[in-house]
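1. this is the structure alone, sequence omitted:
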């Protein structure tokens, strides 16, 4: 082992070091009550395991033993220095890492959270555990990039962010050093070459860690979070005891001989369940605890790009939340129950809970794939984690490499020197070379940042719903090109994409209103007018059917069905009636503040509650894939919906290998070249009928 430190030292690490709250015990994967410091309880799936700890040995280094630097020797003892974090304290200087090496932080113990942070950085070969012991990885949110806090080392002060300072103070031990890998400290963030090399090693850094600590929040946020955790503990206990009872009823001994104390603790948990949901698997929708659940699962931790691979590849993951330590597997069991129950409800609260839990469920899904040794390609991960955020936009790509099946592609090498535009196009070209060009087209199209990238390159940094062809809400999947083989390549000397396909129609009219919730009344009224006034092409549906089918792109059922569900046609009719009542309130009301719930005594609102429930299915589909789209009619007198930036005179094409049609626009800068507006739905040509129209011949489209 060799060290960045100027001080000769040796740290012997207890293989099971304590947390800052190490006097607490864990049972069933959840942190519970106090216990002796002589035991470290890492009980997992309902069983406690106790290990005797070795006598703690302290590092010989302490602030008082620091050698005075040349700069410090000019200061008297009462002047600011490295010892007290003064303004002229010597800053830490990173030494270069040897090939395939890494740094570890030995975080020194403290009696309380207010004491200064002290530690030592050491170099070790990658994959070799420090001092024959183990290390733990920390997963946390950087928050602001302002480094206003300090970590004291023998070689100087390391400036760190406030969020990291809170996390380190929360998890450090009282009696023994804690060996950690922490990205902001163990990677020289000012060295782009080192950053790129270390990013390649991140998967094995987290895989080799004894465990990963996911730091959700400190004690300053423990109030609502503790309430949420307590509710989830009770949900999990309820499910586990129900499972044990079912096994006993079946006469099975498998899994029944559980730790008796653990079962008693779960019985005690159930005894504390409020009467309001004793007969239910989860609290009722009007329970205040749901606000705590929303608060917990809306933490920034769930939205950060770097968190993704840290969670997915970690072999053993524990969540630090307030004063609770929770095993991820146990937490996942409880969240899955809540998510399943929420899916069966259209109550407003449960709809919000479903959305709030999606980031957690996405992480849980990827952990399961990782456990099966099966990984997704980078392009699929980029789509699956559209909600992820990063300070540097390029990190949206690099943060996913650790769990991508094609991470070793040479074009995917982390690059912190080239402009973002160069990096994004390099990735897109690689995806086309992999044969994923059509996947790019489904997700690409004009947007607010289209001036920066070719229109055929998706903007992976903004959320978007599923593509049209991905919907499982139709009995018959789309196949606009009749399963022809795709013909897509990138020009060698430019960033133009060449795609084989067919020009089938031209957009003639576009609705002024869009499928935006605030415009639904105007939008659906305009749809009525456009259909009534058009000389429509021959299709199997009459005009009244088109009025409700086309705005939702032919969807046949919603993703989630309420208990009082109705078919989509009836739900559409209920929504139209509800929108009419809202308008009547606006005209005849006595100065009220808005629709849906205001003026509860107003006669127009009689029956509104039932209308709202019955219209929920159709409204949910409008909010999905086609949200923000506009209604269009074409020169061949078809009708459909297309992305919000569609214009009259845009071209409707079917690409070879494409399951849905696309809208293209002729470039204003380059004659004969097109910009991709996006995928679209045209009723009557979604299953190959467009290829049989008159004057449709194959050609090549060049997109830029």
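-> Yep, that arrived. All figures in this text were calculated on a predicted structure; none of them were measured in a lab.

2. would you check how far apart residue 333 and residue 279 are?
-> 20 Å (Cβ to Cβ, to the nearest Å). The C-beta positions use only the backbone N, C-alpha and C, and glycine is treated the same way.

3. so the two - more neighbours on which side?
-> Neighbour count, other Cβ atoms under 10 Å: between residue 333 and residue 279, residue 333 has more, with 18 against 7.

4. got a list of what that one touches?
-> For residue 333, the contact set (Cβ atoms under 8 Å, 6 or more residues apart in numbering) comprises 236, 239-240.

5. for the stretch 1-150 of the chain, which spans come out with low pLDDT?
-> 1-89, 127-133 (pLDDT under 70).

6. correction: the previous question concerned the chain.
-> Short version for the chain, where the test is pLDDT under 70: 1-89, 127-133, 217-223, 246-272, 471-475, 560-565, 584-607.

7. tell me which element residue 106 falls in.
-> Assigned by DSSP states H and E, residue 106 falls within strand 101-107.

8. so which bits of the longest helix belonging to the chain are buried?
-> Taking DSSP state H as the criterion, the chain has its longest helix at helix 222-249. Within helix 222-249, the residues scored as buried using 16 or more other Cβ atoms under 10 Å are 224-241, 244.

9. show me what it is packed up against.
-> Helix 222-249 is packed against strand 30-34, helix 260-271, helix 289-297, strand 317-321, strand 324-327, helix 328-343, with contacts defined by 3 or more Cβ pairs under 8 Å, 6 or more residues apart in numbering; DSSP states H and E.

10. how far off helix 328-343 does the fourth one point, in degrees?
-> Okay, so that is strand 317-321. 70 degrees (axes from the mean of the first three to the mean of the last three Cα atoms, to 10 degrees).

11. for the stretch 601-704 of the chain, which segments count as strands?
-> 630-634, 639-642, 651-655, 662-666, 674-679, 681-682, 698-703 (DSSP state E, counting those that start in this stretch).

12. closest one to residue 369 among those strands?
-> strand 674-679 (26.8 Å; Cβ to Cβ).

13. who are the contact partners of residue 443?
-> 383, 458, 464, 467.

14. part of a strand, is residue 120?
-> Yes - under DSSP: H, G, I helix; E, B strand; the rest coil, residue 120 falls within a strand.

15. just list whatever residues bridge to the residue nearest to it when sequence neighbours are not counted.
-> Nearest residue to residue 120, sequence neighbours excluded (Cβ to Cβ, 6 or more residues apart in numbering): residue 106, at 4.6 Å. Following DSSP bridges, residue 106 is listed with bridge partners residue 120, residue 179.

16. touching, residue 106 and residue 117? I think so.
-> No - if you go by Cβ atoms under 8 Å, residue 106 and residue 117 don't touch, sitting 11.9 Å apart.

17. reformat the contacts of residue 443 as CSV; add secondary structure, distance to residue 637 and neighbour count.
-> Output for the contacts of residue 443, formatted as CSV (DSSP: H, G, I helix; E, B strand; the rest coil; distance: Cβ to Cβ, whole Å; neighbours: other Cβ atoms under 10 Å):
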residue, secondary structure, distance to residue 637, neighbour count
383, helix, 35, 18
458, coil, 32, 25
464, coil, 30, 17
467, coil, 26, 17
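
18. who does the longest strand along the chain touch, helix- and strand-wise?
-> If you go by DSSP state E, the chain has its longest strand at strand 497-510. Secondary-structure packing of strand 497-510 (3+ Cβ pairs under 8 Å, 6+ apart): helix 437-443, strand 488-490, strand 630-634, strand 651-655, strand 698-703.

19. quick check: neighbours of that strand in the sheet, parallel or antiparallel?
-> With DSSP bridges as the test, strand 497-510 pairs up with strand 488-490 (antiparallel), strand 630-634 (antiparallel), strand 651-655 (antiparallel), strand 698-703 (antiparallel).
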